[in-house]
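Peer 1: Kindly return the folded structure for what I paste below:
(chains A and B)
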Amino acid sequence: MPKLTIKVDPDLCIGAASCVTIAPETFQMNDENKAYVLDHGTEPGERTYQRMIEVTEDEKEAIIMGAQSCPTLAVFVYDEEGNQLFPDI
Amino acid sequence: MRYLIIGSGIAGTTAAEELRKLDATAEIVLIGEEHEPLYSRVLLPHYAKGIVALEKIFLKKETWYLDKNIEWLRGVRCEEIDTTNRHVVVSDGREIPFDKLLITTGAEIHTLPHEGENVCYFQTLGDTEHLIAKIASCSGRGIAYGGSFIASELIDLFVHRGMRTVAAFRGPWMFSRILDAESGALVTAHLKRVGVDVRPGSETLESVGATAEDIVAVGVGIAPELGWFRDAGIATGRGVLANARLETNVAGVYAAGDIAEFDDVVVGRRVMAGNWPSAQMQGRVAARNMAGGAEEFRNVSAYATNLAGLDIIAIGDTDRVAADSTVIVGSVVAGGVTQLFVRSGKLVGATLVGRNRDRKAVTDAINAGLAVDDVKLQ
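Peer 2: The predicted structure follows:
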């Protein structure tokens, strides 16, 4: 299964929470109204804005769609080699 | 099949993208008044503050439309819809035919008769460039006129830029259409604490006493132009009326985004959503239905802003008039107020001021249709 690194830039995040709506297993809002990153609905280790997680192709699609839905482009997705999958421009 | 989408914002562009995913060979025409490729209006405040560069606000490249085989008519205004002969008439006189039509024209902003070089609005990239230029040369105050989310962004911008800031609005407190007195008092206290000159009850812009040195930035709401839809036989209320599948009363004609007044299956009432995530999701659902689906749009709408350090979040149906009752949790003294909107015993909406921690519980409860008594907030 592919591994993705998912990162939220809290300085860009405005708390629209569209990523949470689309990929709730991967994103949730913290008390600062910023999205943070989950590993399949859980928070191993500390609460964090960045995680590397193993995903299925369907999960990968949902995560990228969640990132695409962010109106401030605050969500970054990288593949195992560190290539930026999103934003793609 | 020939799909025509009027409006090239987030709802329309998302619909075009989804239609292309669903149908590799359909003709897709996207008509928009703006000349730029899709950009994020939500990033305009970040751009105005200098947090992101101009090139970072664009969500599509110039070449994207051609790559997706989407015919993009930019800088073009639709002037007439003929639902019988299935075409629209655009500003250069051409008739553009369609089999299925999606209306995503958004809304025009209310303008005030007060005119002058120092008057700014804050909807488009062009508005933002004007505002940035005015801030750069401003020797006076930043006056934000209006009591809702756009005015809030303007206040936040002026404070961020270190300007002497005036918040002037008609109501007794900011967001008086959705916020109760306690929440409103918290917002007012916060604004004063960060040094903003707060002027409630400013019935007119003139009453604020702006000088030529000041910037006057106006955010007094939006109003869609609806006459031309009615002329086409498309039913309208406050917006273009649509059912939960985002279909209008005319077969094969759909509406999505800020223009749509749709049956919201979550809150059980016809509403307008007016925010970016809803517009995007509606564009996607409308496209699927245009391509033959029968999907209901379902989303707990949310709008969040940070007003000079204070988080304000509106979730679900926050129309005070449409609620049977409201319940207040928290206080100014405690530094946070949540207002719950109740209809037929169920939680249908909430405003959170300085209480972000309630967001998940409230959103989940609205989505599940829980009774307000079953919502436990700390």
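
Peer 1: Show me which residues of chain B are close to chain A?
Peer 2: Neighbours of chain A within chain B, by Cβ under 8 Å from any Cβ of the partner chain: B:10, B:40-43, B:46, B:51-52, B:56, B:58-61, B:275-277, B:280-281, B:299-300, B:302, B:304-306, B:311, B:313, B:356-357, B:359-360, B:363. Where you see a C-beta, it was placed from the backbone N, CA and C, and this is true even at glycine.

Peer 1: Going by neighbour count, which of those residues are buried?
Peer 2: In the residues of chain B next to chain A, burial by neighbour count holds for B:10, B:40-43, B:46, B:52, B:56, B:58-60, B:275-277, B:280-281, B:299-300, B:302, B:304-306, B:311, B:313, B:356-357, B:359, B:363, counting by 16 or more other Cβ atoms under 10 Å in any protein chain shown.

Peer 1: Show me which parts of stretch A:56-73 are buried, residue by residue.
Peer 2: Across stretch A:56-73, burial judged by 16+ other Cβ under 10 Å covers A:59-60, A:62-64, A:66-73.

Peer 1: which residues in chain A form strands?
Peer 2: A:3-8, A:27-29, A:35-37, A:50-54, A:75-78, A:84-86 (DSSP state E).

Peer 1: Out of those, flag the one nearest chain B.
Peer 2: Each of these has some distance to chain B by Cβ to the nearest Cβ; the shortest is strand A:27-29, at 5.5 Å.

Peer 1: okay, now B:Arg86: neighbour count?
Peer 2: Per other Cβ atoms under 10 Å in any protein chain shown, the neighbour tally for B:Arg86 reads 18.

Peer 1: correct me, but it touches B:Pro97?
Peer 2: Yes. In this structure, B:Arg86 is within contact of B:Pro97 by Cβ atoms under 8 Å, at 6.0 Å.

Peer 1: How about the residue of the stretch 1-150 of chain B found nearest chain A, nearest residue that isn't a chain neighbour?
Peer 2: Residue nearest to chain A within the stretch 1-150 of chain B (Cβ to the nearest Cβ): B:Val42, separated by 3.5 Å. Leaving aside its sequence neighbours, B:Val42 sits nearest to A:Pro71 (Cβ to Cβ, 6 or more residues apart in numbering or on different chains; 3.5 Å).

Peer 1: Can you check the pLDDT for the one you found?
Peer 2: Model confidence at A:Pro71, expressed as pLDDT, equals 95.

Peer 1: Could you confirm B:Gly184 falls within a helix?
Peer 2: Yes. Secondary structure assignment places B:Gly184 in a helix (DSSP: H, G, I helix; E, B strand; the rest coil).

Peer 1: wouldn't it be in contact with B:Ile178 here?
Peer 2: No. Checked against Cβ under 8 Å, the pair B:Gly184 and B:Ile178 is beyond contact range at 9.6 Å.

Peer 1: before we move on, the earlier item: deepest of the strands of chain A, which one?
Peer 2: Scoring the strands of chain A by mean neighbour count under mean count of other Cβ atoms under 10 Å in any protein chain shown gives strand A:35-37 as the most buried, with a mean of 24.

Peer 1: And the average pLDDT for that strand is what?
Peer 2: 97.

Peer 1: Just the residues contacting that strand, thanks.
Peer 2: A:6-8, A:13, A:15, A:17, A:19-20, A:26-30, A:47-51, A:53, A:74-75 (Cβ atoms under 8 Å, 6 or more residues apart in numbering or on different chains).

Peer 1: any idea how far it is from the chain center?
Peer 2: Distance of strand A:35-37 from the chain centroid (Cα atoms, centre = their mean, to the nearest Å) equals 6 Å.

Peer 1: can you check stretch B:129-147 too?
Peer 2: Computed by Cα atoms, centre = their mean, the chain-centroid distance of stretch B:129-147 equals 22 Å.

Peer 1: can I see the domain layout of chain B?
Peer 2: B:2-107+B:224-290, B:110-218, B:317-374 (automatic domain parsing).

Peer 1: ok so, going back, verify the stated contact: the residue of the stretch 1-150 of chain B closest to chain A with A:Ala74.
Peer 2: No. The pair B:Val42 / A:Ala74 is not scored as a contact, 10.2 Å apart, by Cβ under 8 Å.

Peer 1: shared neighbours of the two, which are they?
Peer 2: Common contacts of B:Val42 and A:Ala74 (Cβ under 8 Å, 6+ apart): A:Ile14.

Peer 1: Could you list the low-pLDDT ranges of chain A?
Peer 2: By pLDDT under 70, the weakly predicted segments of chain A are A:89.

Peer 1: Do a quick rundown of the helices in it.
Peer 2: With DSSP state H as the criterion, chain A has helices at A:18-22, A:57-68.

Peer 1: Show me what the last one is in contact with.
Peer 2: Contact with helix A:57-68 is made by A:2, A:4, A:6, A:18-20, A:22-23, A:25-27, A:55, A:75-77, A:85-87, as judged by Cβ under 8 Å, 6+ apart.

Peer 1: That one relative to strand A:3-8, how many degrees between them?
Peer 2: 20 degrees (axes from the mean of the first three to the mean of the last three Cα atoms, to 10 degrees).

Peer 1: CA atoms only: put helix A:57-68 into PDB for me.
Peer 2: The C-alpha trace of helix A:57-68 is given here as PDB (Å, rounded to 0.1, in the frame of the first residue of the first chain):
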ATOM      1  CA  GLU A  57      -5.800   3.600  -3.300                       C
ATOM      2  CA  ASP A  58      -9.300   4.600  -2.300                       C
ATOM      3  CA  GLU A  59      -8.100   6.300   0.900                       C
ATOM      4  CA  LYS A  60      -5.400   8.100  -1.100                       C
ATOM      5  CA  GLU A  61      -8.100   9.400  -3.400                       C
ATOM      6  CA  ALA A  62     -10.200  10.700  -0.500                       C
ATOM      7  CA  ILE A  63      -7.200  12.400   1.100                       C
ATOM      8  CA  ILE A  64      -6.300  14.100  -2.100                       C
ATOM      9  CA  MET A  65      -9.900  15.200  -2.600                       C
ATOM     10  CA  GLY A  66      -9.900  16.500   0.900                       C
ATOM     11  CA  ALA A  67      -6.700  18.500   0.200                       C
ATOM     12  CA  GLN A  68      -8.200  19.800  -3.100                       C
END
